[in-house]
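Q: Coordinates for the following, if possible.
(2 chains)
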Amino acid sequence: MRYLKTLMIITLVCVFALPAYAHHVLGRPAYSLGADSNTPPSLQVETQIGDFYVTYMAFPAFPKPNEQGRVNLYASRIDNGLPFDGKVTFKVRDDSWFSNKVETLGVQDIDEVVYRQGFIFQNEGDYIITAEFESGGEPYEIDFPLRIGEPAAIGPIGVTVAVLIIILLVVNILQRKRRFSLKAKRAREEDNS
Amino acid sequence: MTMTHPGLPDLWLWFALASMSLSVLWILFRVPNNSSVQGFINVERIPVFGQLARLFSASPWPLLILKFISVALFLTVIAAGLFGTPIPERNLATTLTWTVWWAGLIITVFFLGSAWCAVCPWDTIASWLVKHRLWRRADESSSLGLKVPKAWRNVWPALAMFVGLTWLELGVGVTTNPYATAVLSLVMIVMATVYMAVFEGKAFCKHVCPVGRTVGFYAQLSMVELRPRQQQICTDCTTMECYHGTKEIEPCPTHLVMGTLTQSTYCTSCSACTMSCPHDNVGWRVRSPAVEAIQHARPHWDEAWFMLGLLGLTTFHGITMMEFWEQGLSKFGQLIGDSGQLIWSFSTGMVLVFFAPILLYSLLIKLTQWLMPSEINFKQLFSKLAFISLPLAFVYHIAHNLNHLIRESRGFTDVLMNPLGRDTLPLSSGELHMRHMNPLISEQLLYGLQAGLMIFGFWLALQILQRRTMETVNDQSTWRPHYLLPGIIFIISVTAFNLWLLVQPMIMRM
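A: Below you'll find the model as predicted:
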């Protein structure tokens, strides 16, 4: 019971001590906002951070290398719906395993309640766009995923096929071993008799 | 912009409430009857359905053809998820998996029992990979054939998987992500294959699969069952091919003996018993729904938790599609400093909703225990009466899913024609509105079905409660109707809350 209490306290402390900034947003795309506009399909992520609702849109949704693209960021206060009015810094980093290079895309002012940042990527890959701003003395940092080029769909299939082959091979080897040892056991028994 | 489906109108709500009140009065004041329900009709005597049932029992090929179709569709889902458009309403992966299959599956259980498990692509692909046979009995060396460890021989893993699946579905948003849907499908194939390669029979289906167990438990409320045609033939049988199999046909993959079968929970409708029985004594029959939950199914602690878990999670599904949930989540997220997709806030809410009915149920079981004339073990009573949660979960699950299926599946044929959704645009507000205004059946019929289902579930739960409570009273002369009161409070509370959820406008998923 004492251990249970300690565990509960630690869990509660962990939950309540969570920072309200710098979260990677694995966004759920929704499209209704831009659905009737003349713009090409956009990837939209809605999220909440600290005192703000933030909406992020990428145009086009799946930009290709060397193609002009744009991210739009809307930030409005949760309590009164007023838009954030300040400066937003947009940064980008490669989301691959062995890269930590960060580049600043630009610093943008509000333009009709939207922060717009253009980009062109030369290489295919997964990138993280980071939007940074400050409000009420609190730093805000929001990460959004951005894929340039076609997603690497063969990855999950490759992993699945590899795992299945390994399982089937291991079972096959174990079964062969089992059969041989059974044969050997029978042969020994026959010899003894 | 958020589109919402209208909730159940007041007229239907009052109709449901009036019917429920009458049901409670009837159950409290009628003379209790302990006789067992025995009536059934062999499906083979029913025109068309009988011929179909014969066809499936006589040869493995019809089932095999259905398996091929199911696997082909499943592989298309994976391809669409990985290579198709990420727009959820335009991709076959998300529309077929979540709007059509997952929503429709629960409805089919009432009419077809666990028939889905017979054509399940996860199990079919795993069987083909491990056994290298399309349907014939495999060489015993194809799998390690280990016995499942005793600690795992229960449905706790399936309950954990179901909780995990719900978390992924509603918390992480897999339902609106074709890529994640495809990856989830691949993970299920791997899990099914590992279990089949390592353990004997269909251990994955029996202990782990959240879909199989959900279908299995709901199958207790199905109007059909697979049973011996003549009990005496099974009683006299000494060879038990249904259990051991034959040279050609696999043994029962979940170790069921047809002669003693009283519960469909673990039957996967695989047809092995119908094909292996030398006396042609196994067949489908139509029965009174819930006869199993009322009198045949045996109580188990882990199964009781699964049934109560089903209840909590189905209600949770409904709650997450309410506007107040989104607002509450946002406020709670601010309170605890959660951000992004508010996963911590969501998880906390999920835990609360999951345990709320279980806690209420436990308290009422304690009360029932106190009211009973003779002493009865808490765990025993908890397990025995947990069957009342099954119809409550089942009917709300169907009523909720009908909304998705009837209001959101319009346009599915377009997705079938273009499963990868190449060159498609997201649904415009106009299209969303049209879809919203043109459900597959008339709105009044939908409301009628939803209200009718809620009354039906309430009625079944009362019957289960009465029968199972009576069974716990050793001396029938000491029976008093007030022993039922805690159970009735539970049934009323859950049904009233679920009805209230149905009355609220529901946010459209896609």
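Q: C-alpha from now on. contacts and neighbour counts both.
A: Fine.
Q: Let me see the contact set for A:Arg70.
A: Counting by CA atoms under 8 Å, 6 or more residues apart in numbering or on different chains, A:Arg70 makes contact with A:Ala58, A:Phe59, A:Pro60, A:Arg116, A:Gln117, A:Gly118, A:Phe119.
Q: Wasn't it part of a helix?
A: No: with DSSP: H, G, I helix; E, B strand; the rest coil as the criterion, A:Arg70 is located in strand rather than a helix.
Q: nearest residue to it other than its sequence neighbours?
A: A:Gly118 (4.2 Å; CA to CA, 6 or more residues apart in numbering or on different chains).
Q: Likewise for B:Phe456?
A: In this structure, B:Phe456 finds its nearest non-sequential neighbour in B:Val395, 7.6 Å apart by CA to CA, 6+ apart.
Q: was I right about the one you found contacting B:Met454?
A: Yes: with contacts counted by CA atoms under 8 Å, B:Val395 reaches B:Met454, the gap being 5.8 Å.
Q: more crowded one of those two?
A: B:Met454 (30 against 27; other CA atoms under 10 Å in any protein chain shown).
Q: What are the buried residues along stretch B:56-71?
A: Going by neighbour count (16 or more other CA atoms under 10 Å in any protein chain shown), the buried part of stretch B:56-71 is B:Phe56, B:Ser57, B:Pro60, B:Leu63, B:Leu64, B:Lys67, B:Phe68, B:Ser70, B:Val71.
Q: For the residue in the stretch 401-510 of chain B positioned nearest to chain A, grab phi and psi.
A: Nearest to chain A, among the residues of the stretch 401-510 of chain B, is B:Ser428, at 5.0 Å (CA to the nearest CA). Per-residue torsions, B:Ser428: phi -80, psi 170 (degrees, to the nearest 10).
Q: could you show me where the helices are in the stretch 101-250 of chain B, in order?
A: Secondary structure of the stretch 101-250 of chain B (DSSP state H, counting those that start in this stretch): helices at B:102-112, B:115-118, B:121-131, B:156-166, B:178-198, B:203, B:210-218, B:231-236, B:241-244.
Q: helix or strand right after the fifth one?
A: Scanning the chain past helix B:178-198 towards its C-terminal end, the next helix or strand to appear is helix B:203 (assignment: DSSP states H and E).
Q: starting at the chain centroid, how far to that next one?
A: For helix B:203, the separation from the chain centroid amounts to 18 Å (computed by CA atoms, centre = their mean, to the nearest Å).
Q: Stretch B:60-71 too?
A: Stretch B:60-71 sits 22 Å away from the centroid of its parent chain (CA atoms, centre = their mean).
Q: Could I get the average pLDDT for that stretch?
A: Averaging pLDDT along stretch B:60-71 gives 94.
Q: does it come close to chain A?
A: No: contact of stretch B:60-71 with chain A (CA under 8 Å from any CA of the partner chain) is absent, the minimum separation being 15.8 Å.
Q: Not counting that stretch itself, show me its contacts.
A: Outside stretch B:60-71, the residues that touch it by CA under 8 Å, 6+ apart are B:Leu55, B:Phe56, B:Ala118, B:Val119, B:Cys120, B:Pro121, B:Thr124, B:Ile125, B:Leu134, B:Trp135, B:Met275.
Q: can you do 6 Å?
A: B:Phe56, B:Val119, B:Pro121 (CA atoms under 6 Å, 6 or more residues apart in numbering or on different chains).
Q: what does stretch B:39-57 give?
A: B:Pro62, B:Thr274, B:Trp284, B:Arg285, B:Val286, B:Arg287.
Q: I'd like the list of those that fall within strands, please.
A: Among these, the members found in strands (DSSP state E) are B:Trp284, B:Arg285, B:Val286, B:Arg287.
Q: Would you map out the domains in chain A?
A: Chain A is divided into the following domains under automatic domain parsing: A:20-148, A:154-193.
Q: Mean pLDDT lowest where, among those?
A: domain A:20-148 has the lowest average pLDDT among these, namely a mean of 78.
Q: that older thread, so what's the residue count around the residue of the stretch 401-510 of chain B closest to chain A?
A: As a burial measure, B:Ser428 scores 16 neighbours (other CA under 10 Å).
Q: gap between it and A:Asn100?
A: Taking CA to CA, to the nearest Å as the measure, B:Ser428 falls 39 Å from A:Asn100.
Q: Next: B:Ile488.
A: Taken as CA to CA, the span from B:Ile488 to A:Asn100 is 61 Å.
Q: With B:Ala197 instead?
A: B:Ala197 sits 41 Å away from A:Asn100, going by CA to CA.
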